[in-house]
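Student: prediction below, plus the sequence it came from.
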Amino acid sequence: MYKILTLNNISPKGLDQFGHEHYEVASEMSQPDAIMVRSANMHDMDIPGSLKAVGRAGAGVNNIPIDAMSERGVAVFNAPGANANAVKEMVLAGMLLAARNIPQAWDYARQLEGDDASVHKQVEAGKKKYAGFELPSRTLGVVGLGAIGVQVANAARLLGMRVVGYDPHMTVNRAWQLNAGVEQAVSVDDLLNRCDMVTFHIPLNDHTRHLINSDRLHNMKRGSVVLNFARDEIVDEQAVLAALASGQLHAYVCDFPSNGLKGQDRVIALPHLGASTSEAEENCAIMVGEQLRDYLENGNVRNSVNLPEVILPRAGKSRLAVMNRNRPDMVGQISHVLGQSNINIVHMVNESRNGIAYNLIDVEDEIDEEAARGIAGIDGVLRVRVL
Ligand SMILES: NC(=O)c1ccc[n+]([C@@H]2O[C@H](COP(=O)([O-])OP(=O)(O)OC[C@H]3O[C@@H](n4cnc5c(N)ncnc54)[C@H](O)[C@@H]3O)[C@@H](O)[C@H]2O)c1
Ligand SMILES: O=C(O)[C@H](O)COP(=O)(O)O
């Protein structure tokens, strides 16, 4: 029986795959084997010794202490691309809201008083304050050409915009998906110089915190729009507020409200709604649920953020999954322990990533407790599971 602890509301479509026969799923439990989470902050959480895996039903993993999880031999998974369309649609909405001053105009219309003739008069007199601009004459900068960024860039091209993209680590697969008309910037500064609107689709980390600061805002065209559906800290909020006040920025559209942004006229702050559609919630929960099941039951690793991709069809009678520090002679020591217990290896794979190695070892016979204990006792081994 495996125990799955949920820290946020996870779509039932994803949880349904954990059949009652082999799984217990609850929002409160002790000694979980795995955790399913969305945006709950796990940094200050006590990590139970029983924990083997964390599944982030979404993209961003900055709420999970990845290094601490690796140290404890815990695999962390996410659901790349599963909510990308939902975010793309929100970015397109944000661009149109800002370009046509829709929130301010809507607010104006909602507050009109008097009879219909008077309302009509006020409409015609007031509308000039909300005149906007159209997208095809403008350039959109897209920072981060991953699952979301590529979809946003392609959609903006279809709307007739000029699009400039920047991503120093773009994958070949993403390059294949990108509209050929998207132009390449050589740096964030190069991109900002060239665009009227900029949107960020990058993870939050030490390199991206406050990527948008006062110097960079100053280098943008006057009257630009910044869209941030990535993470609040990508942007220096004080610098954005100053740029709005001076007119350097026309609007700031984001998914991360704060006290500082509250009540600001040209700020459109949504309550972290980018991935909140039934489709995205289901896609994420199903994808990460499948990955957790395959990891718990077979040790296979798909879409992990701290382990290498390892998928091995099962062979032999039982399987060992071993996570260890990536040092010389670890495979030698593991096979020596198996040899001493007279256990024959049928098939094995060893892969590594960022100082962590992961082994799947299929053997001819049952693995006895003494052999498993022997492997767990090797210096540098972080986790041993017999599957
Ligand atoms: N608002 C929401 O609800 C919502 C939903 C999904 C994702 N997000 C956020 O958006 C981020 C991106 O999501 P994704 O699914 O596109 O992820 P992704 O991993 O597919 O793409 C991220 C891209 O950013 C690039 N990148 C990293 N550092 C960069 C830098 N300094 N400059 C330029 N590019 C850089 C990477 O190479 C990668 O291609 C997530 O990490 C998450 O924080 C928010
Ligand atoms: O990184 C993500 O996937 C988004 O920020 C979505 O977060 P949520 O799952 O809490 O809506």
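Tutor: Yep, that arrived. Ligands and ions are numbered 1, 2, ... in the order given.
Student: residue contacts, the residue in the stretch 201-350 of the chain that ligand 2 sits nearest to?
Tutor: Proximity of the stretch 201-350 of the chain to ligand 2 (CB to the nearest ligand atom) peaks at Ala275, 3.6 Å away. C-beta: built from backbone N, CA, C; applies to glycine. Counting by CB atoms under 8 Å, 6 or more residues apart in numbering, Ala275 touches 58-59, 83, 86-87, 281, 284.
Student: those: which ones sit near ligand 1?
Tutor: 58-59, 83, 87 (CB under 6 Å from any ligand atom).
Student: turn the residues you listed into TSV, including pLDDT.
Tutor: Below are these laid out as TSV (pLDDT from 0 to 100):
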residue	pLDDT
Gly58	98
Ala59	98
Asn83	98
Val87	98
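Student: which one of those residues sits closest to ligand 2?
Tutor: Using CB to the nearest ligand atom, the ones next to ligand 1 among the contacts of Ala275 come closest to ligand 2 at Gly58, 2.6 Å.
Student: so where does the closest one fall, helix or strand?
Tutor: Per DSSP states H and E: Gly58 is located in neither a helix nor a strand.
Student: which parts of this protein sit against ligand 2?
Tutor: Taking CB under 6 Å from any ligand atom as the measure of proximity, the chain contacts ligand 2 at 38-39, 58-60, 83, 272, 274-276.
Student: if we use 8 Å, what do you get?
Tutor: Taking CB under 8 Å from any ligand atom as the contact definition, the chain meets ligand 2 at 8, 38-39, 56-61, 78-79, 83, 87, 231, 255, 272-276, 280-281, 284.
Student: in helices, which of these appear?
Tutor: Of the residues of the chain next to ligand 2, the ones assigned to helices by DSSP state H are 87, 280-281, 284.
Student: by neighbours, which of these wins?
Tutor: Cys284 (29 neighbours; other CB atoms under 10 Å).
Student: can you give me the helices in this protein?
Tutor: Counting by DSSP H, the helices of the chain are 12-15, 66-71, 84-99, 102-110, 116-126, 147-158, 172-177, 188-194, 214-219, 237-246, 278-298, 330-340, 369-376.
Student: Glu183: neighbour count?
Tutor: 14.
Student: coming back round to it: next, give phi and psi for the closest residue to the residue of the stretch 201-350 of the chain closest to ligand 2 other than its chain neighbours.
Tutor: Counting by CB to CB, 6 or more residues apart in numbering, Ala275 lies nearest to Asn83, which is 3.8 Å off, once chain neighbours are set aside. For Asn83, the backbone dihedrals (degrees, to the nearest 10) come out as phi -120, psi 20.
Student: wait, Asn83 touches Ala280, no?
Tutor: Yes - Asn83 lies in contact with Ala280 (CB atoms under 8 Å); the separation is 3.7 Å.
Student: pLDDT below threshold where in the stretch 251-387 of the chain?
Tutor: For the stretch 251-387 of the chain, no stretch is flagged by pLDDT under 70.
Student: closest approach to ligand 1 from it, which residue is it?
Tutor: For the stretch 251-387 of the chain, CB to the nearest ligand atom, closest residue to ligand 1: Gly274, 2.6 Å.
Student: next, the contact list for Leu273, please.
Tutor: Leu273 touches 90, 255, counting by CB under 8 Å, 6+ apart.
Student: Leu159 contacts Ser137, doesn't it?
Tutor: No - with contact defined as CB under 8 Å, Leu159 does not reach Ser137; the gap is 11.2 Å.
Student: more neighbours, these two?
Tutor: When Leu159 and Ser137 are compared for neighbours, Leu159 comes out ahead with 15 against 10, by other CB under 10 Å.
Student: leaving out sequence neighbours, find the closest residue to the more buried one.
Tutor: With sequence-adjacent residues excluded and distances taken as CB to CB, 6+ apart, Leu159 is closest to Leu135, at 5.1 Å.
Student: so, in contact with ligand 1 or not, stretch 211-223?
Tutor: Yes - using CB under 8 Å from any ligand atom, stretch 211-223 reaches ligand 1 at Leu211.
Student: got the buried residues for that stretch?
Tutor: Buried residues in stretch 211-223, counted by 16 or more other CB atoms under 10 Å: 211-212, 216-217, 220.
Student: quick check, nearest of these to Val381?
Tutor: Nearest to Val381 among the buried residues of stretch 211-223: Leu211, at 38.5 Å, using CB to CB.
Student: my read: the closest one touches Ile202, true?
Tutor: Yes - counting by CB under 8 Å, Ile202 is a contact partner of Leu211 at 7.4 Å.
Student: between these two, what contacts are shared?
Tutor: With CB under 8 Å, 6+ apart as the test, Leu211 and Ile202 both reach 143, 234.
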